[in-house]
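> With the sequence up front, the predicted model follows.
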Amino acid sequence: MALVDYLPIAIMFALALVFAVVSLLLSRLIAPHDPTPEKLEPYECGIVPLQDPVQRFPVRFYLVAMLFVIFDIEIVFLFAWAVQFEALGWPGTIAVGVFTLLLVETLVYAWRRGALDWNIPHRERYRRVVAPEIEEAA
């Protein structure tokens, strides 16, 4: 392939870039700039907030999101392996087996540490450290 064969792709990329820049500039120039206090208020599904939020999202939300990404990437790798299953043979099967075992071990570790447990008062670690009286009463 010659470099000339890539000219339509370069032209399309340049047109897309020009369109994006022109659209942003035009919206910046044409849009009104008069924010009122009502427009600057947070808006949540039509419900007027009565007070400011006092806490941030708990870390467990982000932990579950990271675990989801890890296992989502595992599915991508398993799909690629399944497509090339015959070409990879037994060495590929063994490699995917080790990969899957490591991810299952990660899931078991996260599960035992309580990363997937959303019922905080029933966590063993919570009962030992924060509320030992619950442990004694049970």
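Everything's here; your move.

> what about the longest helix in this protein?
helix 85-113 (DSSP state H).

> Now do that one, average pLDDT.
For helix 85-113, the mean per-residue pLDDT is 90.

> what packs against that helix?
Contacts defined by 3 or more CB pairs under 8 Å, 6 or more residues apart in numbering; DSSP states H and E place helix 85-113 against helix 59-83. C-beta here means a position set from N, CA and C on the backbone, and glycine is covered the same way.

> Helix 59-83 and the longest helix of the chain, what's the angle between them?
Computed with axes from the mean of the first three to the mean of the last three CA atoms, to 10 degrees, the direction of helix 85-113 lies at 160 degrees from that of helix 59-83.

> Just confirm Trp81 contacts Gly92, I think it does.
Yes. At 6.2 Å, Trp81 counts as touching Gly92 under the criterion of CB atoms under 8 Å.

> May I see the buried residues of stretch 78-90?
Within stretch 78-90, the residues that qualify as buried are Trp81, Leu88, counting by 16 or more other CB atoms under 10 Å.

> From the chain's centroid, how far away is that stretch?
Chain-centre distance of stretch 78-90: 27 Å, with CA atoms, centre = their mean, to the nearest Å.

> hang on, the earlier thing: if you count neighbours, what's buried in the longest helix of the chain?
Leu88, Val96, Leu103, Leu107, Ala110.
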